[in-house]
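Chemist: Can you look at this prediction? I've put the sequence above it.
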Number of protein chains: 2
Amino acid sequence: MKIAIRKAKKDDMTAVLNLIKELAVFENEPDAVEISVTDLEHDGFKESPSFECFVAEVENKIVGIALVYMRYSTWKGPVLHLEDLIVSQNMRGKNIGTLLLDEVVKHGNQLGVKRIGWDVLDWNEEAIAFYEKKGAHVMRDWDIVQLDEKGIKAYLSKL
Amino acid sequence: MKIAIRKAKKDDMTAVLNLIKELAVFENEPDAVEISVTDLEHDGFKESPSFECFVAEVENKIVGIALVYMRYSTWKGPVLHLEDLIVSQNMRGKNIGTLLLDEVVKHGNQLGVKRIGWDVLDWNEEAIAFYEKKGAHVMRDWDIVQLDEKGIKAYLSKL
């Protein structure tokens, strides 16, 4: 089986969104995806793109993605963030995730960042084992905090 | 006591770095701060700045900061990330953190983001209680993964 890893193009965004939605189902949040193909086509390909995306292709079909962007650490300076690493359910266990992560690490190294980071669900032991095997450090004492759209409005109404 | 909240200027970066270092000590990582004042002055004030910073001033002394930048959610699109919310140890309990967070939420609302997010140490119960009181959702089932500079080099050496 030949797996090709390449930078995503604008007209890959339909396939990319399908994989994003597949992951949302896996994470028990099927209705959380509010983004559209048009959004991804705009945000990823405007003058200062909001993200960069790599895709894994098998027989001309996109079966995996790695979506990254820059963040800023007040300890390390610019760092690369891996927002999503997705391999389609029926294509797992074929080394595709590894090849995508390889590309992300190469990309981070080219950018000269001092760190590449991402988030993981603490019950996703398979993913955690994979990342630790790759030499990443899983920081289990950190949690994520979110104030959503409704929360922002409610917050402001009390000021 | 008069607390003034304003956008940070380039020549505030020395005070900003001092607060970053103070937080690193609190988080038991005093040696982790590799960034310099020059880095902050460059990265925060170049043409497309890597971050925006708000400062809290009391009697012309900077006693707190909120440092933010944009991230990209594949579910919600552009979102605002609060990298650091720091109030100097001896100035806590004076509402300064609240005023800084107010400013961040107003800023996120002006930007039209669907979410404002940040990370918190799970043992920092005081901070968690503060955020939850403000309507934020603490997602305790997420962990942070990091591949540091040494990890990046080790990873690449095995490819």
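Modeler: That came through fine. Residues are numbered from 1 along each chain as shown, chains lettered A, B, ... in the order given.
Chemist: Mind telling me what element A:Ala127 is part of?
Modeler: helix A:125-133 (DSSP states H and E).
Chemist: swap in A:Leu67?
Modeler: Going by DSSP H and E, A:Leu67 is part of strand A:61-73.
Chemist: Could I get the buried residue list for the lengthiest helix in chain A?
Modeler: Scanning chain A for the helix with the most residues, using DSSP state H, yields helix A:96-111. Across helix A:96-111, burial judged by 16 or more other Cβ atoms under 10 Å in any protein chain shown covers A:96-97, A:99-109. In this view, the C-beta of every residue, glycine as well, is placed from N, C-alpha and C.
Chemist: Check what contacts that helix and list those residues.
Modeler: Helix A:96-111 is contacted from outside by A:3, A:5, A:52, A:54, A:56, A:58, A:63-66, A:68, A:70, A:78, A:80, A:82, A:85, A:87, A:116, A:130, A:134, B:147, B:152-153, B:155-156, B:159, using Cβ atoms under 8 Å, 6 or more residues apart in numbering or on different chains.
Chemist: Measure how far the direction of the strand holding A:Leu67 deviates from that of helix A:96-111, in degrees.
Modeler: Angle between the axes of strand A:61-73 and helix A:96-111 is 40 degrees (criterion: axes from the mean of the first three to the mean of the last three Cα atoms, to 10 degrees).
Chemist: other SSEs contacting strand A:61-73?
Modeler: Judged by 3 or more Cβ pairs under 8 Å, 6 or more residues apart in numbering or on different chains; DSSP states H and E, strand A:61-73 is in contact with helix A:13-26, strand A:52-58, strand A:77-87, helix A:96-111, strand B:61-73, strand B:77-87.
Chemist: Can the worst-scoring helix or strand of chain A on mean pLDDT be said to contact chain B?
Modeler: None of the helices or strands of chain A scores lower by mean pLDDT, DSSP states H and E than helix A:125-133, at a mean of 93. Yes - Helix A:125-133 lies within reach of chain B by Cβ under 8 Å from any Cβ of the partner chain, at A:128, A:131.
Chemist: just how off-centre is that helix within its chain?
Modeler: The gap between where helix A:125-133 is centred and where its chain is centred comes out at 16 Å by Cα atoms, centre = their mean, to the nearest Å.
Chemist: buried set for it?
Modeler: Neighbour counts over helix A:125-133 (16+ other Cβ under 10 Å) mark A:127-128, A:130-131 as buried.
Chemist: The next helix or strand after it pairs with which strands?
Modeler: Counting by DSSP H and E, the next helix or strand C-terminal to helix A:125-133 is strand A:137-139. Strand A:137-139 has its sheet partners listed here by DSSP bridges as strand B:142-148 (antiparallel).
Chemist: so what pLDDT did A:Pro30 get?
Modeler: pLDDT, A:Pro30: 88.
Chemist: Let me see the contact set for the nearest residue in space to it that is not next to it in sequence.
Modeler: The shortest distance from A:Pro30 to any non-neighbouring residue, by Cβ to Cβ, 6 or more residues apart in numbering or on different chains, is to A:Ala24 (5.6 Å). For A:Ala24, the contact set (Cβ under 8 Å, 6+ apart) comprises A:30, A:32-33, B:75.
Chemist: Repeat that for A:Tyr72.
Modeler: Contacts of A:Tyr72 by Cβ under 8 Å, 6+ apart are A:78-79, B:43, B:50-51, B:67, B:69, B:83.
Chemist: ok, now with 10 Å
Modeler: A:78-79, A:81, B:35, B:40, B:43-44, B:49-51, B:67-69, B:81, B:83-84 (Cβ atoms under 10 Å, 6 or more residues apart in numbering or on different chains).
Chemist: hmm, which of those residues are the buried ones?
Modeler: For the contacts of A:Tyr72, buried by 16+ other Cβ under 10 Å: A:78-79, A:81, B:35, B:40, B:43-44, B:50-51, B:67-69, B:81, B:83-84.
Chemist: The most centrally placed residue in chain A bridge partners, please.
Modeler: Nearest residue to the geometric centre of chain A (Cα atoms, centre = their mean): A:Asp84, 1.5 Å. Under DSSP bridges, the beta-bridge partners of A:Asp84 are A:Leu67.
Chemist: Do I have it right that it meets A:Glu52?
Modeler: No - the pair A:Asp84 / A:Glu52 is not scored as a contact, 11.8 Å apart, by Cβ atoms under 10 Å.
Chemist: Overlap in contacts, the two.
Modeler: A:66-68.
Chemist: among the contacts of A:Ala24, who's most crowded?
Modeler: B:Trp75 (20 neighbours; other Cβ atoms under 10 Å in any protein chain shown).
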